[in-house]
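> could you work out the structure for the sequence below:
(one chain, ligands or ions: 1)
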Amino acid sequence: MNDMALKSILLHPDPRLKATAAPVTDFDKTLARLADDMLETMYDAPGIGLAAPQVGVGKRLLVMDCVKEENSAPRPMVLINPEVTWVSEERNTYEEGCLSIPDQYAEVERPAEVEVSWLDLAGAQQTERFGGLWATCVQHEIDHLNGKLFIDYLKPLKRQMITRKMVKLKREKARA
Ligand SMILES: [Zn+2]
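The predicted structure is shown next:
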């Protein structure tokens, strides 16, 4: 047995998903444990990214792994207090989904490449330029830290339709 634990993922609509998360200040065992649990929860879902507010923790921490190829080694990443420091002029459209909005997908346009700086679990600064799916994922997850969801990029009608479906889903889950 390992000592990791799956976290339950909050479903939209939830006020905790709309709040701005606070910067991480303590790089301690509790933080490392949270990151481990979030990675475990993300892989289990399965998903390619998860932000702390999605598990009810209002801190600026996200995990991701966008390695898709079956035979490639996983690349679990933990980004703390991430900041986008550069975006490309070129834009890219991906069909996005979200673990907090299950089974709903929509095309979102974002910068195709971004440079992000963050702190790792040891508190050391890291910087990397992301492209492709990684760029979309890291922007989607950083949005979560600012209380923003991918459906906020959609036209109001489409957003409302998805939200209504989610309200219904949550009602059904609560009854089950
Ligand atoms: Zn999401």
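
> helix/strand/coil for Lys7?
coil (DSSP: H, G, I helix; E, B strand; the rest coil).

> which residues does Leu79 contact?
61-64, 116, 118, 126, 138, 141 (C-beta atoms under 8 Å, 6 or more residues apart in numbering). C-betas here are computed from N, CA, C, even on glycine.

> no, scratch that, I was asking about Trp86
Per C-beta under 8 Å, 6+ apart, neighbours of Trp86: 114-115, 129.

> would you say it is within a strand?
Yes. With three-state DSSP as the criterion, Trp86 is assigned to a strand.

> who does it bridge with?
Here Trp86 sits in beta bridges with Glu115, as judged by DSSP bridges.

> any buried residues in stretch 63-70, and which?
Residues 63-66 are the ones in stretch 63-70 that count as buried (16 or more other C-beta atoms under 10 Å).

> of those, which belong to strands?
Residues from those lying in strands, with DSSP state E as the criterion: 63-64.

> I'd like the buried residues of stretch 63-70 as TSV, with pLDDT and distance to Lys148 appended.
Below are the buried residues of stretch 63-70 laid out as TSV (pLDDT from 0 to 100; distance: C-beta to C-beta, whole Å):
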residue	pLDDT	distance to Lys148
Val63	98	18
Met64	98	16
Asp65	98	22
Cys66	96	20
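
> of the contacts of Leu79, closest to Tyr105?
For the contacts of Leu79, the minimum distance to Tyr105 (C-beta to C-beta) is 16.7 Å, reached by Glu141.

> which of the three states applies to that closest one?
Per three-state DSSP, Glu141 ends up helix.

> which of the contacts of Trp86 are buried?
Judged by 16+ other C-beta under 10 Å, buried ones among the contacts of Trp86: Val114.

> which stretches of the protein form helices?
Under the criterion DSSP state H, helices of the chain are mapped to 29-44, 132-145, 156-175.
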